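Engineer: A predicted structure for the sequence below; I have some questions about it.
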Amino acid sequence: MQAWIDFGQGPLFRLCFALMILGLMRIFILTIIGMIEAYNRNEDKIVPFAELIRLTFSWILPITRVWTKRPVYGVVSVLFHIGLILVPLFLGAHVLLWKNSVGFAWFSLPHALADNLTLIVIAGGIILFLMRAIYRPSRALSRKQDYIWPLLLTIPFVTGYLAVHTAFAPSAYQWTMLIHIYSANLIMVTIPFTKIAHCVLMPLSQLVTGVSWKFPLGAGDKVIETLGHKDRPTWVKEPRVALDEDSLSGKEIASK
Amino acid sequence: MKAILTDTTKCIGCRECVVACKKTYDLERDVPRRWGTDDGLSARNWTSIIEKPDGKFIRKQCRHCIEPACVSSCPVGALKKTAEGPVIYDSKRCLGCRYCMMACPYGIPRYDWDQPVPYVRKCIMCYERLLDGGQPACTEACPTEATIFGDRKELLAEAHRRIKENPDKYINKVWGEHEIGGTQVLYISDIDLSCLTYGRPLDDKPLPSRTTAAMHAVPYAFVGMGSAMAGLSWFIGRRMKLQGNSESDTKDEGNE
Amino acid sequence: MNRVQNFKLILWTIIGVGAAVAAARFIFGLGATTNLSDAVPWGLWIGFDVMSGVALAGGGFVITATVYIFKLDKYHGIVRPAVLTALLGYVAVAVGLLFDLGLPWNIWHMIIFWNPHSPLFEVGWCVMLYLTVLLLEFFPVPAAEFGWLSTIRNFLIKLRMPLVIAGIALSTLHQSSLGSLFLVMPFNVHPLWYSPIMPIMFFVSAIGLGLMMVSFESRFTSYLYRKEAETELLAKLGNAAKWIFLLYLLMRFGDLFLRGQIGHIFAGGWQVKMFWVEIAISAAIPLILLSIKRVRTTGAWQWVISIMAITGIVLNRINVGGMVHLNRGDTFYLPAWTEITITATVVAGAALVFLFMVERFNVWEVRPVDPKADPSTLPEFDYASQASLGRPLIAARTKYSLAFVFAAAFGFMLLSNQSLSSEGVIAASVEEARGGDTLWVDGDLDGYGVSFQHQMHIDKNGNETSCVQCHHMNLPLDENTGCYACHRDMYIPTDAFGHDWHSSPHGGNLSCFKCHQEDQHKNAETAQQCDHCHDNLYPAGATIKVDNYHAPGYVDALHELCIGCHVKLIEETGSPDIARCANCHNDQRDVVEAVDGTKENILIGNVALP
C-alpha cells in the first residue's frame, strides 16, 4: 500500500504533472499555429482586437455575462473555480511536499481558509452537476464528459478533506490517500486532452473566434456548388432542442 | 623554482597536511561518492594520504610538472605554469572539457561532479601563500618534516644527500627528478612509488613535446593541403579542357 | 501511416525523452546524469557525439573534393546531401559538446583565450571555421527559395572553389587533430592504439568513414522516401573506399610493426580482443567485401558494408576516446541511460532537420515525391474560392507534438529522485559496536577504524558520571544506546525519528494530534519534541542537546564527539598529538587484541576478527 502511495507521489506524479504542463503548452501552441494558418487563408484580414480583448476579459469573469440570467450559476461557478485553482496550489501540505522534493516553497493558504474552500469546491461541484442535469438547455448541450467532470474533480477534494479531518474518514487513512493521489493524477493526465484545457485556452477562445472564423461571404454556397450538391437542402437536421427565448443566445453558445 | 620534497619514511600518516589544505581553501567535508577514486583525492581533497602495508604512508598531491601535460592540453589556458613553479587554475577561463583530467599521467585533476556549475580542482601549491613569501599549508603543518618546501635544486641535493647517507634505507631514486621532464613535487622512499602513476611506466620525455610535432605541422598542413588542392583542381581542370571535355567544368553555374 | 511519418514519430519521441533528461542535466549537473567519474572523465558524449560525430561528417569534404577538385562530375548528385550531412553532423557535434562541457556557456572562451599548444584548441577552432565554411557552402541551396537572397547566393557560388579548398584543408587539420588529442597520453592509451602517427590514421579512417556515411545516408533516405537508390554510384564510392581501407590497415599494422609493438596482438586481455573486433569490422571485412565486384554493386550488401564500417570506425573512436585507456582498467564505465538518451536525441534532432531540408529545399535533384511523405491535415487548395491555401506550417504537428509530450513526461518519470538528489554519496549502513573495555569502532566494517579505549575514557573522565558526555541520548527504556541506533548511515544524515513507525501503532492518522496541532501545518517545525512523551531520552546532565530529528552521519557524529574533547585536551596535556587524526586512526587492531588479551573480548560489529 505504502509503495503504491509512494509511486503515486513520486514517478507517477512526475509523469502526470509533466504531461499536464507540456500537454497544455502543446494545445496552446497548436491553437495559435492553427489560428495563424486560418488567418493566412482569410481573405478578410481585419481583426477587431480591442473588442476581442474586451470580450475575453468579460468571459474570464462570467458573473457579468450570466448574472442577469443565471445568477446562482454564475456565483457558484466562480467560487468553484477559485477553490479549484487555489487549494491544490497553495494548500500548506502540498507546498510542503514541493519543498521536500524540489527544495523551494511558496505562500500557503491559512489552514481554515483552505478547509472552507475545499468544502465550497465539493458543494460547488455537486451543485454544478445538478444544475447541468436539471436545467433543460444545459442538458441539451451536454456531453457525457460534462456530467463526469464536476464529480471527478471533487473526488480529490473529498478525499483530501477526509485525509486532513481523519475523524470523519470512513476508511483507513492510506486508502483515502491512495484515492486522493491517484484521482488527482488521473485529472492531471486528462486535463490537456479534455475540455478542462480551457484553463489555458480560455484567453484564446475569443481570439480564435475573431481571427479564424472568417469565411468570405457566400463561401457556403460556393462549397455546395463545387461539391455538386445544389439540389440538396442546406440544413439537413433540425436542432434537437429549440432554444427558449430567455435561455442562452446563439452568440453565447457559439463563443462557448 | 620552488618545490616540495616528501620523504615517505618520515611520514607518520597524521594527515595534518590534509587538514591544513582543507582549512586553507575552505574545502567541504568529503564523503565517498560514486565518482570517487580509491586514492582519496577528490574535488574536496586536494592532497591525501595513501596507506600502504606495514605502516607506510604516501602523500599524494599534484606533482606540478616542469612541463605539465595539463597546461599544454587546456584549450583556453585555464591552467597555467607560473614562474614560481605551481600549476594554477583559472576557473573563469575554464570551459569544463576535462581534457586536463585525461592528459595528466598522475590522474590528479578532479571534478565537481555534483555541481551544476562544476570546476576542475587540484592542488595549486598554495600559490597565494608563495607570493606572500610563505610556504604551502601542507609543508608548514607537517609535524615530522616528512614533506618540506624549498628550492627545487636544494631539495634535490637534500634528497640525494639523504639517500647517500642511508643507502640501505632508501631506494636509490628521487621520484620526480627526471620523469616526463621532472616534477616539482619530489619523493624519496623506501617503497616503490609507481602506484602514483597510472598505466605504463613513465619515461623522461616531457609529455607536451609529444604533441608539439603534430601541432607545429598544423600551419604547413593547412597551407600544403590548400595549395595541393588548388593545384590539383587547376591541373585537372586544364587537362580536361585540353581533352575538349570542358562542358562539365563550366556548366553548373547557377543551378545550385 | 508511412515510413517517413513513422520515422519522424520515433525521432520526436526520442527528442521528447531527451528534453526531460537535458533539463535534468543542466539543473543537477554531470554527476547526476552521467556515469562519468574522476577515473573516467570522458565518456560516450566525447567518444560518440564529438569524436565519432566529426568523423561521420567527413563525407562532406571527401565528396566536395571528389566533385570540385577531381572534377568527377558523376558524383554531382550527392554533393548537396553530403554537404548537408556534414553541416548537420558538425552542428550535432557542437550541441553534443554543450551537454558534455561542464561550463558550456564558456565555450566561446576558445575564441578569446588562446593556447595554440593544445590540440583541442586547434580542433575547436577548425570545427568552428569549418562549420562556417559548410554553412556558406550549403547556404545557396535554401537561398534559392528566397529571391531577395539572390545577391548573396550568387556571391557565394562564385566563392565556391576557395570555400571547397578551405573546407578540405580545415577538415584535414581537425580530423587528424582529433588523433593528436591522445598523443599526450602515451602511458595511458593501450600500445595497440597509441602511435605517433595517430593523427594521420584518424585522417585516413575519416575519409573511409565519410564515404561509408554518404553511402549509408543515400541508401537510408532512398528507403525512407521510396526513391530509386543510387546503387551504381555507391558501388563506385565503395571501390574508392576499398583503397582507403587498405591504406588504413597497412598503416595500423605497419606502425605496430615499426614500433615493435606487434607482439601485443597475440597477447591476451579484452583490449586485444577489442582490437581484433575493431580491425575486422572497421576495415578488414569491408575491404574484403568491397573487393568483390558483385558484392559492392548489390544494394543489400551496400547496407551491410556501410553499417559495418561505420560501427567499426565509431568503435575505434570510442576506444581511443577512453575505453582502452589503461588507467580505466579497474573502473568499468558503462554509459548511463541518460547519456545514451542525450546522444540519441542529438542524432534524432539532426535527422529531423535533414528530413526537413530535403523536403523543403532542393537538396536532391527532385524533392521527395511520395504523396504521403508530407501529409497535411488541411487541404492545400480551397476549391470553393479557387485559391491556394498554402502548405500547413508544420505537417502532422498534432501527432508529433503528442509523441513529444508523452515522451518528455515519461522521461521525467524515469529520472529518479534519489540519484539526482543524493549527490552521489555512497550509502553505507552502520553496524553495531558496543560494550567491552576496548572497542574497535568501524561502523561500515571496511577494516579501517579506531581502537577506542572505553574503560580508559570512563576512568579518566570521572567514572559513571561521565557517560553522558558521549551517550547523549537514549532510546526509551534504554540506558546506553549505541551511536549506530540513530546515526544509521556512515555519511548521510538519517531520520532518527521514524514517522511511520510512530503513527502506525497509535492508530494511523488518528494519532496525528498527539504530536501535531489540529489547526497548524503538520511538519517537523510545528510538532511536539520527542521529550514531550519520552521523558527519559536525555540522561541527566547530557552534554549534547539534540534539537531536531536528523541524525548526522556516523562519521560526522563520532568525529564531532571525539575531536571536540581532544582539541580541549591539547591545552590540558600540552601534547598536540592528541588531536591528530593518526592518534585515533592508527589501525592498531593488534594492539587492541594485545590489551584485552583475547579476541573474544573485543566486539567488532557482528564480525569476528580475522
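Structural biologist: In hand now; what should we look at?

Engineer: from here on, contacts and neighbour counts on C-alpha atoms
Structural biologist: Fine.

Engineer: do a quick rundown of the helices in the chain.
Structural biologist: Picking chain A for this. A:2-9, A:11-41, A:49-60, A:63-66, A:71-90, A:92-102, A:111-134, A:136-141, A:144-164, A:173-190, A:198-212, A:219-227, A:250-255 (DSSP state H).

Engineer: try chain B instead
Structural biologist: For chain B, helices defined by DSSP H occupy the ranges B:16-24, B:69-73, B:99-103, B:127-131, B:137-141, B:152-165, B:208-242, B:247-250.

Engineer: quick one: which of those helices is nearest chain A?
Structural biologist: helix B:16-24 (28.3 Å; Cα to the nearest Cα).

Engineer: where does chain B have low pLDDT?
Structural biologist: In the predicted model, chain B carries pLDDT under 70 at residues B:245-256.

Engineer: show me what contacts residue C:343?
Structural biologist: Contact analysis of residue C:343 by Cα atoms under 8 Å, 6 or more residues apart in numbering or on different chains lists C:44-45, C:48-49, C:96.

Engineer: rewinding a little: right, so of the helices of chain B, which gets closest to residue C:514?
Structural biologist: helix B:16-24 (45.6 Å; Cα to Cα).

Engineer: does chain C sit close to that closest one?
Structural biologist: Yes: for helix B:16-24, a contact with chain C is found by Cα under 8 Å from any Cα of the partner chain, at residue B:16.

Engineer: run through who's touching that helix.
Structural biologist: B:28, B:44-49, B:137-139, B:141-143, C:580-581.

Engineer: buried residues in it?
Structural biologist: Residues of helix B:16-24 classed as buried by neighbour count (16 or more other Cα atoms under 10 Å in any protein chain shown): B:16-22.

Engineer: check stretch B:53-62 too.
Structural biologist: Neighbour-count burial for stretch B:53-62 flags B:56-62 (criterion: 16+ other Cα under 10 Å).

Engineer: ok, stretch B:89-104 next?
Structural biologist: Quick answer for stretch B:89-104 (16+ other Cα under 10 Å): B:89, B:93-104.

Engineer: would a markdown table of these with distance to chain C be doable?
Structural biologist: A markdown table is the format used below for the buried residues of stretch B:89-104 (distance: Cα to the nearest Cα, whole Å):
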| residue | distance to chain C |
| --- | --- |
| B:89 | 14 |
| B:93 | 7 |
| B:94 | 7 |
| B:95 | 5 |
| B:96 | 4 |
| B:97 | 5 |
| B:98 | 6 |
| B:99 | 8 |
| B:100 | 10 |
| B:101 | 7 |
| B:102 | 7 |
| B:103 | 6 |
| B:104 | 8 |
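
Engineer: gap between the spatially closest residue to residue C:412 that is not a sequence neighbour and residue A:11?
Structural biologist: Of all residues not flanking residue C:412 in the chain, residue C:20 sits nearest, at 5.5 Å (Cα to Cα, 6 or more residues apart in numbering or on different chains). Relative to residue A:11, residue C:20 is positioned 13 Å away (Cα to Cα, to the nearest Å).

Engineer: comparing the two, which shows the higher neighbour count?
Structural biologist: residue C:20 (24 against 20; other Cα atoms under 10 Å in any protein chain shown).

Engineer: so, low pLDDT: which residues of the chain?
Structural biologist: If you meant another chain, say so; for now it's chain A. Applying pLDDT under 70 to chain A picks out residues A:43, A:62-66, A:166-171, A:214-220, A:230-256.

Engineer: you answered for a different chain; I wanted chain C.
Structural biologist: Scanning chain C for pLDDT under 70 picks out C:1, C:327-330, C:368-395, C:417-422, C:433-436, C:504-511, C:518-521, C:587-610.

Engineer: please enumerate the strands of it.
Structural biologist: Using DSSP state E, the strands assigned to chain C run over residues C:381-382, C:387-388, C:438-441, C:450-453, C:494-495, C:550-551.

Engineer: deepest of those strands, which one?
Structural biologist: strand C:438-441 (a mean of 23; mean count of other Cα atoms under 10 Å in any protein chain shown).

Engineer: ok so, going back, of all the buried residues of helix B:16-24, which comes closest to residue C:11?
Structural biologist: residue B:22 (48.4 Å).

Engineer: show me what from the stretch 201-350 of chain C comes close to chain A.
Structural biologist: Contact residues, the stretch 201-350 of chain C versus chain A (Cα under 8 Å from any Cα): none.

Engineer: can you give the domain ranges for chain C?
Structural biologist: Domain assignment of chain C by automatic domain parsing yields the ranges C:34-335, C:438-502+C:537-601.

Engineer: picking up where we left off before, between the contacts of residue C:343, which has the most around it?
Structural biologist: Counting neighbours by other Cα under 10 Å, the top entry in the contacts of residue C:343 is residue C:49, with 30 neighbours.

Engineer: my guess is that one contacts residue C:93, does it?
Structural biologist: Yes: using Cα atoms under 8 Å, residue C:49 is in contact with residue C:93, at 5.6 Å.

Engineer: still on that earlier bit, what's the closest of the helices of chain B to residue A:116?
Structural biologist: Ranking the helices of chain B by distance to residue A:116, with Cα to Cα as the measure, places helix B:16-24 first at 55.0 Å.

Engineer: hey, C-alpha coordinates of that closest one in CSV?
Structural biologist: Provided in CSV are the C-alpha atoms of helix B:16-24 (Å, rounded to 0.1, in the frame of the first residue of the first chain):
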residue,chain,number,x,y,z
GLU,B,16,47.9,17.3,9.3
CYS,B,17,48.7,18.2,5.7
VAL,B,18,45.3,17.2,4.5
VAL,B,19,43.6,19.1,7.3
ALA,B,20,45.7,22.2,6.7
CYS,B,21,44.9,22.1,3.0
LYS,B,22,41.2,21.9,3.7
LYS,B,23,41.4,24.8,6.1
THR,B,24,43.3,26.9,3.7
